[in-house]
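In: 3D model of this:
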Amino acid sequence: MTVMSLSKALNEGMRKAMEDDSKVLIMGEDVGKLGGVFRVTDGLQKDFGEDRVIDTPLAESGIIGTAIGLALRGYRPVCEIQFDGFVFPAADQIITQLAKMPMRSLGAIKLPVVVRVPCGGGIGAVEHHSESPEAYFTHTAGLRVVACSNPADAYTMIQQAIRSDDPVIFFEPKRRYWEKADIDTGSTDWWPPLHAAKVVRPGSDVTLLAYGPMVKTCLEAATAAEDDGRSLEVIDLRSLNPLDEQVVMDSARRTGRVVVVHEAPVNSGFGAELAARITEQCFYHLESPVLRVGGFSTPYPPSKLEEHYLPDLDRVLDAVDRAFGY
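Out: Residues are numbered from 1 along each chain as shown. Presented below is the predicted three-dimensional model:
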């Protein structure tokens, strides 16, 4: 076992992928000499050279467009978007080209491109640096969309994403970058599939569905709920598209109450899709409506107000109380 932070786990996962396959490239703004704004790619250019860890211009559309061209020539580019809010200049390339070209070619063309997106708030930054844009990409057919929440998943999921022949949008919870955990780097036996959800805390009364930075918040809420005699099951979705429906629906049928938690605004957020699917498939098992906890329908606020904007333990527990009120 090796103790690593989430950012170091991503670094080691990419290093392992680059060692295993000479076609894996890292590219993005300041990923080389600086090692990325969060130092996630620190040391990789020094060890693999400037031809494989490429500092690009400040042009996200150009980064993804170049990656598509490289993928067409047999490479496996891993693109870093410096901050979540900077992904939108690349949206045209991602949505109209990256997501659609494999289907357009009837599967003859593979585009194994990973787009790494540090996501969410909690670091004292302003708008464009604290966004949660996952719903834009889960709505885009042709993309895998995944989100790691802890160092062990970061280490395994980044390698699985790089090996995938599908384009992958890879969300990383930036406020969890410095949290540490033990990782078994010597075996792959414990690796779950990239699309699999995890029950990270079993429970019997309410299901909490979360991903990325909110998984830890839900685990803290489940611990606090014990004082009220309530047993909360926490599921880390890990993959948003495709969704591991089996794990989600089994839990919803067993507990009868579901709360979905994410940082993005509730309005038209990914939680709405989860609520719809659960209601369709588990209607007669539910004791209350599927409730959602998320950000407010405003642009991300100044850093002094972000603690009021982001879902916290109290807001999650309030939703649990409301679920029991029906």
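In: quick one: the helices in this protein, in order.
Out: 6-20, 44-48, 60-72, 91-92, 101-104, 134-138, 151-163, 214-225, 245-255, 270-282, 306-309, 313-324 (DSSP state H).
In: so which of those is nearest Asp84?
Out: Nearest of the helices of the chain to Asp84, taken as CB to CB: helix 134-138 at 9.2 Å. Heads up, the C-betas are built off the backbone N, CA and C, glycines and all.
In: and the closest one, what other elements does it pack with?
Out: Using 3 or more CB pairs under 8 Å, 6 or more residues apart in numbering; DSSP states H and E, the elements in contact with helix 134-138 are strand 144-147, strand 168-173, strand 239-241, strand 258-265, helix 270-282.
In: which positions in stretch 13-30 come out as buried?
Out: Neighbour-count burial for stretch 13-30 flags 13-18, 23-29 (criterion: 16 or more other CB atoms under 10 Å).
In: cool, and stretch 234-248?
Out: Under the neighbour-count criterion of 16+ other CB under 10 Å, stretch 234-248 has 234-241, 243-244, 247-248 buried.
In: try stretch 214-223
Out: Result for stretch 214-223 [16+ other CB under 10 Å]: buried residues 214-219, 221-222.
In: just the residues you listed now: which is nearest Val261?
Out: Using CB to CB, these come closest to Val261 at Met214, 4.7 Å.
In: okay, and the beta partners of the closest residue to that closest one other than its chain neighbours?
Out: In space, Met214 comes closest to Val261 once its chain neighbours are excluded; the distance is 4.7 Å by CB to CB, 6 or more residues apart in numbering. Counting by DSSP bridges, Val261 is bridged to Val293.
In: wait, doesn't Val261 sit right on Leu209?
Out: Yes: here Val261 lies in contact with Leu209, judged by CB atoms under 8 Å, at a distance of 6.9 Å.
In: overlap in contacts, those two.
Out: Contact criterion CB atoms under 8 Å, 6 or more residues apart in numbering; residues shared by Val261 and Leu209: Gly271.
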